[in-house]
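*Asks:* sequence and computational prediction follow.
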Amino acid sequence: MEYTSIEEWFLREDRWNKEKPCLNIDDINTPPSGYTQSKADWIRELLTFQFLHPGEWKAIMQEYGAQQTGNHSVKRLDYYMTDEGEIRRHNEQDVYLLIDLGDNADIALLKKVGDAIIQTGIWNFERYESYCNKDRTGRQSYLEEQIKPEIFALTDQEVKCVNIRCVKALDESRFNGRELFIDALNDGFIIL
């Protein structure tokens, strides 16, 4: 079956076809064979289906358990959807990338940088996932050595410094209108 939509993918009669099962038998977080889009798209579509069709999802998960072939299978999704429809990672305290461009940053520059980060993928699903899979020291190094230089390059050197860190909630802002919060899992940003 050629992939067309998540509903067709999950609601087809032969959803456990060995060639193209509806879920990856070894790891539910990895797209199954036949799914041609990114892992980020897979997780987003999967969570949307789960949210819109809870009864059918429960049945699929029961069938999925019966399909398991070994003890090393990953059966739990790493991500979930909040009641507000936002995607979050289970047991993760770092939700937003907080970018402080200093006192010279104005709303126009923050918007330019936020748009560019989203469009270029400097801080996207894959990079967020890579960040989450590191220890505390590795996370800080990743931000400082890989992400920060790319963000600084977006400013056309209109600012003298770029400070970045990951935070749990928006209330960690100083609310000075100069901070940019990037939400990689939901492809958005907020200026506070």
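*Replies:* Received, thanks.
*Asks:* give me the below-cutoff pLDDT ranges for the protein.
*Replies:* Along the chain, segments meeting pLDDT under 70 span 1, 69-73.
*Asks:* quick check: domain ranges of it?
*Replies:* Domain assignment for the chain by automatic domain parsing gives 6-89, 96-191.
*Asks:* so which of those domains is the most surrounded?
*Replies:* Comparing the domains of the chain by mean neighbour count (mean count of other C-beta atoms under 10 Å), domain 96-191 comes out on top with a mean of 16. From N, CA and C alone the C-beta is placed, and that goes for glycine too.
*Asks:* okay, how far is it across that one, tip to tip?
*Replies:* Distance between the two ends of domain 96-191: 12 Å, counting by C-alpha to C-alpha, to the nearest Å.
*Asks:* how about stretch 14-29?
*Replies:* Terminal residues of stretch 14-29 are spaced 21 Å apart (C-alpha to C-alpha).
*Asks:* again with stretch 117-132
*Replies:* One end of stretch 117-132 sits 18 Å from the other (C-alpha to C-alpha).
*Asks:* repeat that for stretch 100-107.
*Replies:* 12 Å.
*Asks:* show residues contacting that stretch.
*Replies:* Contacts to stretch 100-107, defined as C-beta atoms under 8 Å, 6 or more residues apart in numbering, come from residues 109-110, 113, 155, 158-164, 177-180, 191.
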